[in-house]
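Student: below is the sequence, then the predicted model.
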Amino acid sequence: MYEWIVWLALMIACLILEALSMQLFSIWFAFGALAALLASLFGAELWLQIILFLVVTVVSLLATRPLTKRLRGKKVPTNADRCVGQTVVVLEDIDNINGTGLIKVEGQIWTARTADGNLVPAGDFVRTLEIQGAKLLVEPLNETLIETLNEQLDTQPEADA
């Protein structure tokens, strides 16, 4: 008889939670609670109210899920994103276990970690894969590519001082 109060309270609680989190997590439950509230006001049995709550919640979740994925999936590129995909020389041995490793990318010194966890000695070349917090994840380059890069560095004329 007074189920509508429960549905109204649930809907308000879900809307408040949604307003505080802005994660599109509880809005679906608010839609379900609204449907159950309306059913309660029209005199529907409790079992029907619960079924409506569940069905409307699931349908609203499925209907809005593609939208939320698109909204969350957009990554805002930054200047630091230019560091990804570059080939650079290791300044300090990269050792994931000891937490060491430095590389220089576009004039900036970055802490580096390897994707495979292997040790990369200073002087070797690596390719930057992605940014993880304040660190660059790198992969060592194969020997043939390293020799080619070394040859290119050796044949470049030095800049005038």
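Tutor: Great, that's in hand.
Student: hang on, isn't G101 packed against I109?
Tutor: No - using C-beta atoms under 8 Å, G101 makes no contact with I109, being 10.9 Å away. C-beta here means a position set from N, CA and C on the backbone, and glycine is covered the same way.
Student: so what does the helix or strand that contains L48 touch, helix or strand wise?
Tutor: Element membership for L48, per DSSP states H and E: helix 46-73. Helices and strands touching helix 46-73, by 3 or more C-beta pairs under 8 Å, 6 or more residues apart in numbering; DSSP states H and E, are helix 3-21, helix 27-41.
Student: how about residues contacting the shortest one?
Tutor: The one in question is helix 27-41. Under the contact criterion C-beta atoms under 8 Å, 6 or more residues apart in numbering, helix 27-41 has outside partners 3-4, 7-8, 10-11, 14-15, 18, 48-50, 52-58, 60-61, 64.
Student: switch the helices and strands packed on helix 46-73 over to a markdown table; also include mean neighbour count, distance to A115 and mean pLDDT.
Tutor: Putting the helices and strands packed on helix 46-73 into a markdown table (neighbours: other C-beta atoms under 10 Å; distance: least, C-beta to C-beta, whole Å; pLDDT from 0 to 100) gives the following:
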| stretch | mean neighbour count | distance to A115 | mean pLDDT |
| --- | --- | --- | --- |
| helix 3-21 | 15 | 33 | 90 |
| helix 27-41 | 21 | 37 | 92 |
